[in-house]
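K.L.:
Fold the following, please.
(chains A and B)
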Amino acid sequence: MALKREAIEPENPALNASRNFNLPHSPGIRAGEFIFLSGMVAVDPVAGERAPGTVAAETRQILTNMAHLLESAGSTLAQVVKVNVLIYSMLEYDNMNAVYREFFPVDPPARTVCGVQLSGGSKVEIECVALA
Amino acid sequence: MTDRLSRTVIEPINPKLNVSRNANLPHSPGIRIGEYVFLSGMGPVDPVTGGRNLGPIAEQIRQTLRNMAHMLESAGSGLDRIVKINVVLADIRDYDEMNRVWREFFPEEPPARTTCALQLSNGNGVEIECIALSGA
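P.N.:
I've put the predicted structure just below:
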C-alpha cells in the first residue's frame, strides 16, 4: 500500500508564496508521517509581499510564518526534525543564530547552514522536515 | 516496537546513467528507506554516451529531470511521487529559466522545492536531488 502524498497550504492565503508569486512548487507536501516544506523567504503575512530586512528580521519573519504553515497542517515547530538554513553570507551566521534560538529553546532540530546565492534579493531562506 | 525499516541501494536501469559507478564516486545513485527514496544530486548526463551535456541551462535541466524520472521509475517510483526537491544552480540568474522548464515536468501539485546557487563540480550548470515516495 503506497503512502499518501498531498500538498499542504497555510491557512493565511497571504502566506502562500508558491501561489502568490506564481512559482511551480507547493508550500509543502505531506508524505506519510512527514511534512516537507519548500524553502521559505521572508513574506509579510498581511500584504503577502516579500519583506526584505536584516538577517535577524528575515529569520524572525520566516520562522513565524513556518510555525503558521506547520500548524495549518497539524504540526508545530516542536515537531521539526531537520532544518536547512540558507543565508547570503556566512558572516551573518551569528545574527541568524541569535533569533533562531528564540524559536527552538529546547531540543532544537538537527540543522545545516550554508552561505549561497538566493533568488529575489532574499538574505535568508529556511526549509524543514517535520513530523506530521 | 516497530520493525526496522529496510535500506536498499537503487540504481538506474540504464547503466550509462549510473554516475556513482561510472565516475567512481563514493555515493549511491539512491537509497530506499522503507517507503521513501532519497536520490543523490543528479546532473545533465547523456543517457547514450554517459558523458555530460553542458549545453544551455534549460536543456541541462530537462536532461537532469528526464534522468531523474528514469532513476525513480527504475525504483518503482516516478516524478509524480516526488515530495521534496532541491535545485542547485551554478548561477542564480538562471532561476527564471529553471522555473519555465519546471512547469513542463510538474504540471500539477508540484513538489516542495528549495533553490539556491553555489559552486558545482564538473562545470555543471545545475544539480538536482529529491526525496520521493515509492509506489505508483
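
K.L.:
A:V129 in helix, strand or coil?
P.N.:
strand (DSSP: H, G, I helix; E, B strand; the rest coil).

K.L.:
got the contact list for it?
P.N.:
Contact analysis of A:V129 by CB atoms under 8 Å, 6 or more residues apart in numbering or on different chains lists A:34-37, A:80-82, B:84. To be clear about C-beta, it is placed using only N, CA and C from the backbone, and glycine gets the same treatment.

K.L.:
Just the buried ones among those residues, please.
P.N.:
A:34-37, A:80, B:84 (16 or more other CB atoms under 10 Å in any protein chain shown).

K.L.:
Most widely separated two among the residues you listed?
P.N.:
Pairwise distances across the buried ones among the contacts of A:V129 peak at 14.0 Å for A:V80 and B:K84 (criterion: CB to CB).

K.L.:
for the nearest residue to B:L133 once chain neighbours are set aside, phi and psi?
P.N.:
Leaving aside its chain neighbours, B:L133 sits nearest to B:R81 (4.6 Å; criterion: CB to CB, 6 or more residues apart in numbering or on different chains). Here is the backbone geometry of B:R81 (degrees, to the nearest 10): phi -100, psi 0.

K.L.:
follow-up on the earlier one: now the contacts of A:V129 as a markdown table including distance to B:E97, secondary structure and pLDDT?
P.N.:
Output for those, formatted as a markdown table (distance: CB to CB, whole Å; DSSP: H, G, I helix; E, B strand; the rest coil; pLDDT from 0 to 100):
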| residue | distance to B:E97 | secondary structure | pLDDT |
| --- | --- | --- | --- |
| A:F34 | 31 | strand | 97 |
| A:I35 | 29 | strand | 98 |
| A:F36 | 25 | strand | 98 |
| A:L37 | 24 | strand | 98 |
| A:V80 | 32 | strand | 98 |
| A:V81 | 33 | strand | 98 |
| A:K82 | 29 | strand | 98 |
| B:K84 | 22 | strand | 98 |
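
K.L.:
ok, of these, which one's closest to A:S119?
P.N.:
Distances from A:S119 to these, taken as CB to CB, are shortest for A:L37 (16.8 Å).

K.L.:
Dig out what the closest one forms beta bridges with.
P.N.:
A:G28 (DSSP bridges).

K.L.:
Distance of it relative to A:D94?
P.N.:
25 Å (CB to CB, to the nearest Å).

K.L.:
Give me every residue in chain A lying close to chain B.
P.N.:
When proximity is defined as CB under 8 Å from any CB of the partner chain, chain A approaches chain B at A:1-3, A:5-7, A:23-29, A:31-32, A:34, A:36-39, A:84, A:86, A:114, A:116-120, A:125, A:127, A:129.

K.L.:
Mark which of those are buried, thanks.
P.N.:
For the residues of chain A next to chain B, buried by 16+ other CB under 10 Å: A:3, A:5, A:7, A:23-29, A:31, A:34, A:36-39, A:84, A:86, A:116-119, A:125, A:127, A:129.

K.L.:
give me the element A:R101 is part of.
P.N.:
helix A:93-103 (DSSP states H and E).

K.L.:
buried sites along that helix?
P.N.:
Buried, per 16+ other CB under 10 Å, within helix A:93-103: A:95-96, A:99-100, A:103.

K.L.:
just checking, next helix/strand downstream of it?
P.N.:
Following helix A:93-103 in sequence order, the next helix or strand is strand A:110-115 (DSSP H and E).

K.L.:
For that next one, give the mean pLDDT please.
P.N.:
Averaging pLDDT along strand A:110-115 gives 96.

K.L.:
can you state the direction angle for it and helix A:93-103?
P.N.:
Calculated by axes from the mean of the first three to the mean of the last three CA atoms, to 10 degrees, strand A:110-115 forms an angle of 150 degrees with helix A:93-103.

K.L.:
Touching strand A:110-115 from outside, list them.
P.N.:
A:81-90, A:93, A:96, B:118.

K.L.:
for that strand, the distance to its chain's centre please.
P.N.:
A distance of 13 Å separates the centroid of the chain from that of strand A:110-115, by CA atoms, centre = their mean, to the nearest Å.
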